[in-house]
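K.L.:
I need the structure of the sequence given here:
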Amino acid sequence: MSNQAPITALIIDAGNTKVRLAGWQGADQDPRLVGCGDGNLLPAAAPLLELGSVPTSGPEDRQSLLKVLAGIGVPFGDIPVVLTSVVPHIVDTVKSLWPEATVIDHHCEMPFRILSPEPQNIGPDRLCNVAAAAASGCQRALIVDAGTATTFDLLLDGEFAGGLIAPGMAFAAQCLGVVAARLDPVPFADCPLEPGLDTASAMQAGAFHTGLGGVEAVLTSLRAKYGPLPVVATGGLGQLLARPDVLWDPHWTLRGAAVLAGSVPAA
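P.N.:
So this is what the prediction gives:
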């Protein structure tokens with residue numbers, strides 16, 4: 001890593017499927033969003049430095065994280081550590097490694113107003129996603145995070161107006177194969193929109209096209225209801241939503257965590 005900019009913060013994003021570690025290196029990684037306010041197009045932000053990931057599991061998380069850190073070869077004792085986690089036990093694991101780590105929650109100073117009467121129940125990943133949009137200078141935005149769950153979150157006139165939470169596209173397909181009699185799980189992957197000649201191909205086509213089509217229909221309906229909105233897609237399946245009017249950014253949640261931890265000033 002000697003030829004790269006130094007890492008000034010370690011950012012950890014713990015989801016239901018995996019724990020990701022990334023390095024923050026500078027202002028060119030600040031969140032930027034297309035079509036904010038005056039309609040100017042902003043250049044794409046530089047990616048964060050991917051440092052590795054481990055599956056979200058259980059008590060073995062500590063040893064798994066230590067192995068990843070040992071392989072990186074970068075000392076993290078003297079730089080800030082930021083955690084956003086939807087998995088409670090990961091918070092304890094990270095705090096045992098870095099007692100001074102910043103854990104993102106509703107107590108952080110937000111660059112937007114939260115309308116929910118129960119802010120403590122809002123997932124920190126959703127707060128990060130909205131914070132990244134607000135810090136990019138937007139007063140209005142829609143963020144779609146397509147992972148184990150698919151979330152749609154709305155920033156309207158500087159206020160987090162809530163959102164929608166649905167089963168993730170791949171997760172829904174997996175559950176069908178696990179719960180339904182005589183059906184086995186099939187991979188969630190792009191495939192032709194045509195009738196399947198056997199159960200597996202029919203399930204795969206149905207899962208992919210109804211999953212993706214359902215998410216796109218909600219996205220389109222929200223924009224029709226609330227007017228033109230810049231849209232960010234993130235999460236493990238967010239790239240499937242990428243198109244000229246939807247910004248795909250796999251590091252969007254990480255950028256928002258850096259905002260809420262104070263590593264990036266809000267616009």
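K.L.:
ok, now which ones touch Leu164?
P.N.:
Leu164 makes contact with Thr151, Phe152, Val218, according to Cβ atoms under 8 Å, 6 or more residues apart in numbering. Quick note: C-beta positions are derived from backbone N, CA and C, even for glycine.
K.L.:
just those now: which is nearest Leu142?
P.N.:
Nearest to Leu142 among these: Phe152, at 6.6 Å, using Cβ to Cβ.
K.L.:
identify the residues contacting the closest one.
P.N.:
Leu142, Ile143, Val144, Gly163, Leu164, Ile165, Val218, Leu219, Leu222.
K.L.:
Trp252: which of those residues is nearest?
P.N.:
Taking Cβ to Cβ as the measure, Trp252 sits nearest to Ile143 out of the contacts of Phe152, at 7.0 Å.
K.L.:
quick check: closest non-adjacent residue to that closest one.
P.N.:
Asn129 (4.3 Å; Cβ to Cβ, 6 or more residues apart in numbering).
K.L.:
what about the one you found, how many neighbours?
P.N.:
By other Cβ atoms under 10 Å, the residues close to Asn129 number 30.
K.L.:
same check, this time on the one 10 residues further on
P.N.:
Number of residues near Gln139 (other Cβ under 10 Å) recorded here: 15.
K.L.:
quickly list what Asp13 is bridged to.
P.N.:
Beta-bridge pairing for Asp13 (DSSP bridges): Arg20, Thr84.
K.L.:
what sits against it?
P.N.:
For Asp13, the contact set (Cβ under 8 Å, 6+ apart) comprises Val19, Arg20, Ala22, Thr84, Ser85, Asp125, Thr253, Leu254, Ala257.
K.L.:
try Ala261
P.N.:
Going by Cβ under 8 Å, 6+ apart, Ala261 touches Ala9, Ile11, Pro80, Val82, Thr102, Ile104, Cys108.
K.L.:
if we use 6 Å, what do you get?
P.N.:
The contact partners of Ala261, by Cβ atoms under 6 Å, 6 or more residues apart in numbering, come to Val82, Thr102.
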